[in-house]
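Chemist: give me coordinates for this.
(one chain, ligands or ions: 1)
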Amino acid sequence: MFTSLKGRSVIVTGASKGIGRGIALRFGLEGCNVLVVARTAAEAEAVVHEIAASGGAARAFAADVTRPADMRAMAAAAVEHFGGIDVLCANAGIFPTARLGEMTEGDFDAVIGTNLKGCFLAVSACLPAMKSSTSGRIILTSSITGPMTGYPGWSHYGASKAGQLGFMRTAAIELAPYGITVNAVLPGNVATEALAGMGVEYVRGMVASVPLRRLGSVADIANAALFFASDEAAYITGQSLVVDGGQILPESLAALQA
Ligand code: NAP
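Modeler: Below you'll find the model as predicted:
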């Protein structure tokens with residue numbers, strides 16, 4: 001049904017684990033050339049091997065999204081290895097918790113610096129090469145937390161994720177003349193190691209608040225990213241897609257139990 005993405009050059013930041021790994025594997029399955037980006041080279045390499053084992057092509061690249069020089073080197077590596085950049089999945093993110101009153105300026109800056117500024121730096125670095133693509137796609141991994149909901153301890157995180165959508169809307173207008181679309185996936189609670197690290201009670205509470213009664217899988221999020229990258233999504237830009245099993249829908253717990 002969908003036009004093949006085989007041979008497209010795809011960068012995924014934060015691709016060594018969790019959602020980013022899922023996105024990288026999915027694009028690998030589609031026959032894309034995937035640059036697997038994370039700070040920890042060995043973990044990025046492991047994902048490259050997984051992609052190769054499934055028949056795809058990939059390279060690892062160690063980079064920190066908070067460093068402009070790293071982002072420029074990342075874009076250069078994709079151009080060198082794959083001949084250009086068609087798709088950027090700006091996915092790298094962190095979600096430490098700290099309540100107001102305890103949150104330090106350093107805590108706030110670290111989250112905004114990685115999640116929001118890191119997104120800007122990745123997009124800026126990839127832009128020169130993406131302008132040459134005939135099917136440029138930028139896909140941000142935002143969250144329901146911030147744009148749609150709040151959760152104690154995540155005021156900085158929520159601000160970073162809502163900020164990504166503000167960034168996206170103007171970027172979509174500015175990049176439209178180049179045929180580049182900019183969209184965001186807003187995951188709910190996705191089963192990753194990082195989420196498991198939040199503890200059994202947190203996970204149990206989250207599952208209970210999801211109408212579809214399960215956490216999301218990384219494949220659920222990767223499928224949405226793949227759709228935004230497709231030729232069939234060429235006329236969609238500046239939009240966000242919630243992938244959360246219906247978690248933001250109930251007005252109250254009673255609505256779920258009724
Ligand atoms: P994760 O499992 O902790 O993976 C994070 C990835 O980002 C790792 O590959 C990590 O590798 C990389 N990373 C972190 N800081 C980086 C930096 N400064 N530069 C480059 N890479 C960096 O997290 P996740 O749960 O998959 O989350 C991925 C994205 O989805 C985030 O943007 C998060 O906000 C969003 N999200 C997650 C959920 C969820 O339920 N899991 C829900 C909504 C939104 P290194 O540490 O080696 O760099």
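Chemist: who's in contact with C89?
Modeler: Residues near C89 by C-beta atoms under 8 Å, 6 or more residues apart in numbering: 10-13, 15, 20, 23, 27, 139, 141, 225. To be clear about C-beta, it is placed using only N, CA and C from the backbone, and glycine gets the same treatment.
Chemist: again, only this time at 7 Å
Modeler: Residues in contact with C89 (C-beta atoms under 7 Å, 6 or more residues apart in numbering) are 10-13, 23, 139, 225.
Chemist: then I85?
Modeler: 9, 11, 75, 78-79, 126, 129-130, 133.
Chemist: please repeat the previous calculation with a cut-off of 10 Å.
Modeler: The contact partners of I85, by C-beta atoms under 10 Å, 6 or more residues apart in numbering, come to 8-11, 35, 74-75, 78-79, 125-133, 136-138.
Chemist: which of the residues you listed fall within helices?
Modeler: Counted as lying in helices by DSSP state H, out of the contacts of I85, are 74-75, 78-79, 125-130.
Chemist: hang on, the earlier thing: of the contacts of C89, just say which sits nearest to K117.
Modeler: If you rank those by distance to K117 using C-beta to C-beta, T13 comes first, at 12.7 Å.
Chemist: state the mean pLDDT of stretch 28-39.
Modeler: Confidence for stretch 28-39, expressed as mean pLDDT, is 98.
Chemist: so for that stretch, what gets flagged as buried?
Modeler: Residues of stretch 28-39 classed as buried by neighbour count (16 or more other C-beta atoms under 10 Å): 28-30, 32-39.
Chemist: so where do the helices sit in the stretch 51-200 of the chain?
Modeler: 68-82, 105-112, 118-130, 155-175, 193-196, 200-208 (DSSP state H, counting those that start in this stretch).
Chemist: can I assume D220 sits in a helix?
Modeler: Yes: according to DSSP: H, G, I helix; E, B strand; the rest coil, D220 belongs to a helix.
Chemist: count of neighbours near the residue nearest to it when sequence neighbours are not counted?
Modeler: Once flanking residues are discounted, D220 sits nearest to V243: 5.6 Å by C-beta to C-beta, 6 or more residues apart in numbering. Using other C-beta atoms under 10 Å, V243 is surrounded by 18 other residues.
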